[in-house]
Every structure is written in C-alpha cells, then in structure tokens.
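Dropping the sequence and predicted coords here.
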Amino acid sequence: MATNSGNDKKGDHIRRVGIIFSGGPAPAANAVISSAAISFLEDDRQVVGFFHGYSNLQDYDSVTHRLLPDTHYRAFTERDLRGLRNSRGIIIGTARANPGKGIETEADLDDPQKTTRLRNVYNALVDLEVDALISIGGDDTLKTANFLYMYQQKLPQTARKFHVIHLPKTIDNDYKGIDFTFGFFTAVDVMAKELQNLRDTAHRADVGTGALRALREVVTRLPSRVRQFDHVAPDVRHAITMFIQRFQVTVRRTGAGHNPRTDVTSDIDASTCTVADCSSMHRSSINCSNERSMDRHTTTRSV
C-alpha cells in the first residue's frame with residue numbers, strides 16, 4: 001500500500017479550481033472572487049471563472065456546445081486579479097440559470113430527464129478537468145451545489161468526481177442558520193443613507209412642500225432601488241412600508257396644525273431606526289460604521 005511522502009500536502013490532488021457566481025448581485029462580489037482565486041494561484045493551482053453562472057455549463061455538450069476559453073470561462077492570472085477586490089460589479093458576471101430546478105427529492109436524482117442540466121454541468125467540469133468547484137450564491141445556488149454533490153455520490157466509484165464548496169451570498173440576510181453574508185452590511189448602509197437623505201430633505205424644506213416632496217421620493221425612488229435585487233427580506237420590506245405610512249401620517253398632521261419640522265424629523269428618525277432594528281442581525285451589536293469592514297468577512301460551507 002502506497003503512503004504519502006513527507007512533502008505531500010492534503011489537497012495536492014486539486015490542481016484546477018472552478019468559480020461560479022450565480023443569482024442576484026451583491027456588494028463585495030469581486031473581493032470574494034479575487035480572494036478565493038488568489039489563494040489557489042499563490043499555491044500554484046489553476047483557477048477558472050465561469051461566465052454568467054450556470055448558463056453555459058447547463059447547456060454543455062461535448063460536440064455541439066463546447067466551452068471555450070475567454071468566451072465561456074476565463075483562466076485567471078495574478079494580473080487579472082490585481083486591484084479587483086476594490087472594483088464594482090462581478091468580473092465573471094452572473095445569471096439565474098438553475099440546473100437543479102425541478103429536482104425536489106433525492107429520488108429525482110435518479111430521473112434522467114430531471115437531471116439533464118445537472119449532468120451537463122458535471123460533464124463540462126469533468127471534461128475541463130476541474131477538481132473543485134467554488135459556488136457563490138443564494139438559496140437556489142446552495143441547493144444546486146448540494147445536488148451536484150449528491151449526484152456524484154450516485155455515480156460508480158471509478159467515475160471522476162470533484163469537490164463542491166458553497167459560499168453563501170445574499171443581501172437580504174435570509175439564509176437560515178447564518179448570521180450574515182458578505183454584502184449585507186453595505187446593502188443596509190445604502191438603505192439607511194437613503195432614509196437619512198429623505199429626512200434631511202424634509203427637515204430643510206418648506207412646511208407642506210418638504211413633506212410631500214419627501215413622500216414622493218420614498219414612493220418612487222426607494223422601491224426602484226429595492227427592485228434591482230428582485231426580492232427583499234420581509235423585515236426590510238416592512239420597514240419601508242412603515243416609513244411610508246409614517247410620512248402619510250405626518251402629512252395629515254401638517255394639515256392639522258402640528259409643527260411639520262418636528263413631526264417629519266421625528267417620524268423619519270423612527271423609521272430609520274426601524275430599518276436597522278428589523279434586520280435579522282444581532283440588533284444590539286450592529287453599528288453602521290462597521291458595515292464596510294465587516295463585508296470583508298465571508299462564510300464558507302462545504303457541501
């Protein structure tokens with residue numbers, strides 16, 4: 001029986017690593033991608049980033065739809081990643097393609113039709129000689145990562161297999177069992193600043209005009225910002241709703257002879273606190289000044 005030499009390290013068989021970013025965007029996406037890629041490159045391993053999530057992988061065919069470098073994926077170099085962590089956007093793009101869609105139970109993994117796209121992903125990664133896949137995404141992407149692992153468990157022992165590691169990502173912090181994920185604090189910070197700007201607008205404006213103008217901004221501006229992310233956690237949505245309702249009450253008070261400057265300011269302050277208080281974080285320990293720095297911390301989960 002062969003034994004490892006003293007120079008062998010755990011994981012030496014992993015020579016090529018793939019990275020996928022799937023689902024909605026999130027702040028610090030490039031920082032997470034570059035950090036993962038650099039850690040492997042510095043250890044003399046190859047890293048490839050797949051463009052647009054699972055879009056091309058799930059349609060892979062060894063004859064009709066082969067994956068081409070710089071078209072469907074990028075082989076990262078250290079130069080590609082230099083300064084990337086401070087840039088916006090997602091260097092490899094993202095998409096909502098879901099190869100695990102339609103798979104509900106473990107028995108579904110034995111159904112050739114339901115696992116067609118999952119099988120295509122597996123074949124693509126094997127043909128590209130990927131030894132480990134880093135999956136970055138939300139709930140559905142986590143399920144897909146788990147399905148990829150379970151799918152491989154059903155293959156013959158002699159079949160080639162790859163490791164699957166999932167890194168949680170969501171700006172609305174709705175991951176069960178995880179305190180927070182990267183990007184969440186920046187998302188909360190953006191929302192809080194929007195509300196603070198509206199408060200200042202109302203505070204400095206004329207009596208009736210300021211309240212109405214700020215209310216109009218809340219109704220038209222904030223929802224459009226929220227819709228960029230397709231879905232928002234119920235607690236944040238509730239906070240926005242309460243904010244609008246408070247403003248409506250303030251407008252009615254203004255007509256009844258209340259001091260609008262005092263009423264508007266106090267109502268918006270209360271609503272701003274609601275956004276922070278309603279978040280599913282440890283409410284007493286969150287401080288906006290720490291949001292940027294805490295985005296640098298990520299949570300990984302092996303699947």
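Received, thanks. Since the structure is predicted, the reported quantities are computational estimates derived from the model, not experimental observations. Residues are numbered from 1 along each chain as shown.

How about residue 144, nearest residue that isn't a chain neighbour?
Spatial nearest neighbour of residue 144, chain neighbours left out: residue 100 (3.9 Å); criterion: C-beta to C-beta, 6 or more residues apart in numbering. (C-beta placed from N, C-alpha, C; glycine too.)

ok, the one you found - how many residues close by?
26 (other C-beta atoms under 10 Å).

Next, work out how far apart it and residue 184 are.
To residue 184, residue 100 is 24 Å away according to C-beta to C-beta, to the nearest Å.

try residue 102
30 Å.

ok, those two, which is more surrounded?
residue 184 (28 against 14).

and the more buried one, backbone torsions?
The phi/psi pair for residue 184 (degrees, to the nearest 10) reads phi -60, psi -40.

That one against residue 169, yeah?
No: between residue 184 and residue 169 there is no contact under C-beta atoms under 8 Å: 9.4 Å.

thinking again about what came up before, pLDDT value on the residue nearest to residue 144, please?
At residue 100, the model reports a pLDDT of 94.

name the element residue 159 belongs to?
Using DSSP states H and E, residue 159 falls within no helix or strand.

check contacts around it.
residue 152 (C-beta atoms under 8 Å, 6 or more residues apart in numbering).

swap in residue 175?
Residue 175 touches 138-139, 168, 181, counting by C-beta under 8 Å, 6+ apart.

ok, these vs residue 64, which is closest?
residue 138 (30.6 Å; C-beta to C-beta).

Contact partners for that closest one?
So residue 138 contacts 22-24, 168-170, 175 (C-beta under 8 Å, 6+ apart).

cool, residue 13 as well?
residue 131.

dump the residue contacts of residue 122.
148, 151-152.

Of the contacts of residue 175, which belong to helices?
Mapping the contacts of residue 175 onto helices (DSSP state H) picks out residue 139.

In the contacts of residue 175, which residue is surrounded by the most others?
Top of the contacts of residue 175 by neighbour count (other C-beta under 10 Å): residue 181, with 25 neighbours.

isn't it right up against residue 168?
Yes: counting by C-beta under 8 Å, residue 181 touches residue 168, with 4.6 Å between them.

got a winner among the contacts of residue 122 for most neighbours?
Neighbour counts for the contacts of residue 122 peak at residue 148, which has 23 neighbours (criterion: other C-beta under 10 Å).
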